[in-house]
Each structure stands twice: as structure tokens, then as C-alpha cells.
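>>> what follows is a predicted structure for the sequence shown.
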Amino acid sequence: NCVVQVMDFITNLVQGRTVVILLNARPMGKQGYKIGNPVDVSTALSNNNSNNNKLGNSNYNNTTTNTNGAKPMYNQQRQQYNNNNGNNGNRPNNMYARPQAAVASNAAAPQNRYASNSYNNNTSNSNSFGGGTHTSNPHGNTLYTPISQLNIYMSKWTIRARVTSKGAIKTWSNAKGEGRLFSLDLLDDSGTDIRATFFKEAVDRFYDLMMLNHVYTISGGKLKVANMQWNTCKSGFEITCDANTEIHEVKDDGRIQRNVYEFIDDIAALETSCEVNGNADLLAVVKSVGPVGTVTSKRTQQELFKCDLTLVDQSNTSVNLTVWGEEAKTAASKYDRSPIAAIKKVRVSDYGGRSLGTTSGTNIVLDPRGEDVGVQRLEILKSWWRNQGSNVSHSVKSISGSAGGSGRMVSFEDRKPIRAIKDENMGGSASMDNKPDWLTVKACFTFLKKDKEGGPWYTACGNADEPCKNRPKATMTTEGTWHCDKCNRAMPNCVRRFIFSACITDDTSTSWVSIFNEQAEMLLGEGITADMLYERCFEGSEQEMFESVFNKANFTDWVLKCRVKAEMVGDEQRVKTSVVNLMPVDYVQESRDMLAAINRM
């Protein structure tokens, strides 16, 4: 039994009835007795219809009982309020209508933070329920909802935000159908960002419209709880947009930052201060760019482009960053001049040491402004790179030395001898966490095992498109066709792909390794394919060519990237070493690296 002042609330329409949810209310004093004669709202509404003409003349403090039914409080007139203010001529129609300025100075009017407001409305609203905690455009009276206050209970809202990250168009397919989508990260002047995802027709309508770093007003999307496993934005909600969503580009007045960063101290902190599979913001120099490679997605069987960048900073530490898709294709020209990069929301991995990878929410800004990343932080990095880091003879410690799922080659200093496979028990932990170990070695091929029955290859599916792409095994049927279990198709021809074992050696030890098709074609020489050898040597009469091709590759020096993993063969665990990348030794560069290593001793 007390009076409360409503500070913040939500209104929502549920099954034709308005529901008010109080978010913030302040007690104004305990009365000690029952206030009014409260009844069920449905009863009050029915009584209101039958007794509408009898209501409105009672005093606010009158607690007598009406013989025709209780008078609901929300239909009583605040006659006493108007009498006290001497303003009977401007009496409000509802006891909860917005008070006049004289009363508002003593108590703040309640705010509906989620009320609907037209962003072109330039007139003041006399009802406080149409107001709320909106921000005002300095160029007018347009009202917007801060991203930090968006909520799934809101039906109408308008935000004004900058596009800080824009993902590529992706395709999806499930039991409900298929279509296309893309996502954006949006940031407003409250410093909170939110993910917006566009589906189907909205992709065609908005993908070319939405430009990185431009500012837009957005309304009409559907709010839902964010999946924090994939969503790295601060907001606990995300927006789903369709073709009915209203989006308009507006003038950039500079009030919204280009990005809000939470930088780690330096690259060295990745080992001590960052959680694995978490996200980090990083300011660093792109020292070098690796070659563009491809991998096949296990989930979609699509070929993905990737490229590895080497990042360095004033901690004299380097780390590898993998970029994907179009970013990988353009990496050589985009990062060739060693720019400073401000990287937001990069994924931290322990894939052998520490390594980084971009995700759909990652944003990379080259040569950032001091006001965006911090003037002092930027100047420290620039000074270090100018005076030390750019020097060819300056050495840094790599924390990605033993990583290599992409097959990237590590630096000369991070190579290991073949003996390390046994000395460090590589692959021994694979049975525990199913993760392989990686090493890069300089070794010589001493024997290629090519005498497998049927040849040093296997017969692969002839389907070059998804999902097979000439990779799964195909078997010959009784009709003479080649059947693939993956695509469940019979093809007239197959594609042969190399697979064989080889022995490598260095000055410390020897090891058997597995060689697959791409690596075998590099090893055997340009133009040598399994299909060509089969046609000319097995179906033809050029057996001597077959021997000479493999003999030519023997006793050649290579730098090899190897994956070492324990596998169960029957009931026995064996450590298997597979070559995932190789490159011939550059003897000139090798000599320079050796001399530099000697000088550092």
C-alpha cells in the first residue's frame, strides 16, 4: 500500500491487450491503508463500458464504494491535481498524463525507453510515453534508440550507427529451405556494437547499399537474443533484417567512432593474457605476407582461400594471422608495404603455439588514426618499427613457430631436426586431445616407395564439382563405371591421385613420411600427374619413364612442413608423419640465414 514513481517501463501489445512492464520504480512513501478499491482489470473494463458516463467526477482521494461497481483508478480524473495548480481549464484527460512543468520540476516523468518515435518527428510530444531515453541528432530533433538499450520486448525502434564490419555473402541450406545471408557489425555513439544479419531478399536490397565506415539509420528489424558462441559484439541481442527493414544513409557528423578497441598490451601478451578460442584486439605491423593457399572445408567440402600474415610489434615478438576468402586473394598487394594494422576481434588459437585467425566479425584497419587507437600507443609502435623492427638483421621471437595447419613454413630459427619427433614425443598427445603436432625440417629424400600394387596412387571420383572435387575414393563397378559413395554417382572415368610413402633424412635421424597428391606433383616435377604416368607407363609401354621420374626425385633437398599424429592401426598406436607442404631449398637464402645465425651466437 504505497505510491510509486515510475521511472522506466516497457509497453507491449499481447493478444490485443497492452501489457506494461516496470523496469524502474521508486517508492514515494507508505500510506498504511488500502488505496482506492482495486479490481480485476477485465471486470473494470466491462464496468467502464456500462458506467462510462458516471465516471470522472470523483476526487482523487475519495475511497467510497460505488454501488454500480468499482471505479478503476486509470479512468478517474485528477481533479485535485488541477485544483491545486489552479489550471482547471487545461485539465489532462488521464491521471497518468504528463504533468505540467511546475510539477515536473519536482519529480521526473516516467520514461518508456522502448516507445516508438518517428525519426522525422520534429514536434514535442505532450505524453511522456512517447518519449524515452533516446539520443538527439545535433542537426535536428530526430530521436534514436541507443544500441545499449535495445531489448527483445521492443516492437518499434530506430538506431543510428556506423558499419564497422561487413561480411561476405554466404549461402545456407537446411530442412526449412535455402538462401543467402550476410552480416554487419554496427556501432553507435553509446559505444555499444550489435550484429545485424540480412536474409534472402534483404541481401539483394541492402548488400551494395551498406558500405564500411558509413553511417545509417535502421528500423524495422527483429531483435533476438545473440548467440554468443559466434557473436562477438557487446550487445546481448542481434538484429535480423528482411526486405521490409528501413535503412537510410545519413551524414557522418563524427560523433560515432570508427571503432572502439580494447587492445591487449602487445603480441607477447597473447601467451599469457588471452584465452584460447577467445577474441582480442591488436595493434601491430604486418611484416610479411605468405603465399595464397587453399583448403577444403570438412563441413561444406568447399575450397577456401587462405593466406598467412606475420605480425610484429615492440615486444620483439611475432605471430601468424590467417586471413580468408577475398582478403586472402588480395593480401599480397594490400599488405606488401608493411603497414600498421589495427585488428579488432581476431580469434586466438593454440594450434601449435599461438596463432590468430579472422572471423566474420574481424575488422582490419590499415594505418589507423591516432584518435581511434590512441596517439601514444601508435607513436610507440611507429618509432620501434622505424628504428629497429624494419631492420633486416633485427630478430624477433615467433610464438607461432610450431603451428602449421595451413602448411606455412616457419622461419629458419624455428626449424627442428627429424630427431625432435622422438625426443619431444610428437604425436604422443594426439590420443588425448586429438590434436597433431607440427614441425618444419630441412631434409633429403633417400627413398620413394612406388611399387604399390596398382601404382602409387588411388582412384578418385571423377566429379570435379561439389561435394567431391575429385577427392573421395571411387571403385569400379561390374558395368565398368566408377562409383563414388560420397556423391552416390557413377562416372564413366576416374581421376588418379598420388599417395605413397617416402624416407627422409638429415644429420640427426631418418623418418618415414606420407606423401599426397599436391606434394607429390611438386616433388616429381612440373607436368607429372598420376593420370599421365598411368596412361603412358601402365597402359602404354614407357616403363622406363616411370622409374626415371621417381629416381630423379631421390637425393634432393627440401624444406618440409610435417604433421605428426598418433593413429590407431588395429589395436596398436602408431605415430604417422605426413608432409603437408614442401619447397626446394634456396641455397643462397639458406647460406644467409646460416651466417645470420652464427653472428647471433
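Thanks, I have it.
>>> check contacts around the nearest residue to N316 once chain neighbours are set aside.
Closest residue in space to N316, ignoring its immediate chain neighbours: V396 at 4.8 Å, by CB to CB, 6 or more residues apart in numbering. Every C-beta, even on glycine, is put in place using the N, C-alpha and C of the backbone. By CB atoms under 8 Å, 6 or more residues apart in numbering, the contact set of V396 is V312, N316, T317, S318, G389.
>>> could you find the closest non-adjacent residue to the last one?
Residue nearest to G389 in three dimensions, not counting chain neighbours: V312, with 5.7 Å by CB to CB, 6+ apart.
>>> rewinding a little: so which of the contacts of V396 is the most crowded?
Greatest neighbour count in those, by other CB atoms under 10 Å, goes to V312: 26 neighbours.
>>> tell me the bridge partners for it.
Here V312 sits in beta bridges with V285, S318, going by DSSP bridges.
>>> I'd say W384 and D313 touch.
Yes - checked against CB atoms under 8 Å, the pair W384 and D313 is within contact range at 7.2 Å.
>>> so between these two, which is more surrounded?
The neighbour count for W384 versus D313, taken as other CB under 10 Å, is higher for D313 (24 against 18).
>>> residues touching the more buried one, list them.
Listed by CB under 8 Å, 6+ apart, the contact partners of D313 are D266, I267, L283, A284, V285, L381, W384, G389.
>>> in strands, which of those residues appear?
L283, A284, V285 (DSSP state E).
>>> from the contacts of D313, which two are the most distant?
L283 and G389 (13.2 Å; CB to CB).
>>> was I right about E326 contacting A168?
Yes - with contact defined as CB under 8 Å, E326 counts as touching A168 (6.6 Å).
>>> which helix is the longest one in this structure?
helix 587-599 (DSSP state H).
>>> who touches that helix?
Under CB under 8 Å, 6+ apart, the answer for helix 587-599 is S393, S395, F412, E413, K442.
>>> which pLDDT value belongs to the first one?
The one in question is S393. S393 is assigned a pLDDT of 61 by the prediction.
>>> can you give me the end-to-end distance of stretch 366-379?
15 Å (CA to CA, to the nearest Å).
>>> what's the answer for stretch 381-389, then?
Using CA to CA, first and last residues of stretch 381-389 are 9 Å apart.
>>> list the buried residues of that stretch.
Residues L381, W384, W385, G389 are the ones in stretch 381-389 that count as buried (16 or more other CB atoms under 10 Å).
>>> any idea how far it is from the chain center?
Between the centre of stretch 381-389 and the centre of its chain there are 31 Å (CA atoms, centre = their mean, to the nearest Å).
>>> so for the helix or strand hosting L582, mean pLDDT?
Assessed by DSSP states H and E, L582 sits inside strand 572-584. Here strand 572-584 scores 87 as its mean pLDDT.
>>> for Q519, grab phi and psi.
Phi and psi for Q519, reported as degrees, to the nearest 10, are phi -70, psi -40.
>>> surely it touches V580?
Yes - the criterion here is CB under 8 Å, and Q519 meets it with V580 at 7.3 Å.
>>> higher neighbour count, those two?
Between Q519 and V580, Q519 has the larger neighbour count (other CB under 10 Å), namely 22 against 19.
>>> M545: what secondary structure?
Taken by DSSP: H, G, I helix; E, B strand; the rest coil, the conformation at M545 corresponds to helix.
>>> which ones are touching it?
L533, R536, C537.
>>> give the contact list for the second one.
Spelled out, that is R536. E542, M545, F546.
>>> helix, strand or coil for it?
helix.
>>> ok, now how distant is it from D253?
Note on R536: its distance to D253, by CB to CB, to the nearest Å, is 71 Å.
>>> isn't the residue nearest to G389 up against L321?
No - V312 is beyond contact range of L321, at 11.0 Å (criterion: CB under 8 Å).
>>> ends of stretch 263-271, how far apart?
For stretch 263-271, the end-to-end distance is 15 Å (CA to CA).
>>> helices of this structure, start to end?
Under DSSP H, the chain gives helices at 41-50, 79-85, 101-104, 201-206, 326-329, 331-334, 370-373, 375-384, 420-423, 430-433, 517-524, 530-533, 543-553, 587-599.
>>> tell me the most buried of the ones you listed?
helix 517-524 (a mean of 20; mean count of other CB atoms under 10 Å).
>>> list the helices and strands that helix packs on?
strand 495-505, helix 543-553, strand 572-584 (3 or more CB pairs under 8 Å, 6 or more residues apart in numbering; DSSP states H and E).
>>> rerun that using 6 Å as the cut-off
The helices and strands touching helix 517-524, judged by 3 or more CB pairs under 6 Å, 6 or more residues apart in numbering; DSSP states H and E, are strand 495-505, helix 543-553.
>>> just for the stretch 101-250 of the chain, where's the confidence low?
Regions of the stretch 101-250 of the chain meeting the criterion pLDDT under 70 cover residues 101-142.
>>> how about the strands of it, start to end?
Applying DSSP state E, counting those that start in this stretch to the stretch 101-250 of the chain gives strands spanning 111-112, 135-136, 143-144, 158-166, 170-174, 177-187, 193-199, 215-219, 222-225, 237-241, 246-249.
>>> N320 touches S355, doesn't it?
Yes - look at N320 against S355 with CB atoms under 6 Å: they come within range, at 4.9 Å.
>>> out of the contacts of D313, which is nearest to K576?
So of the contacts of D313, ranked by how close each gets to K576 (CB to CB), first place is I267, at 32.9 Å.
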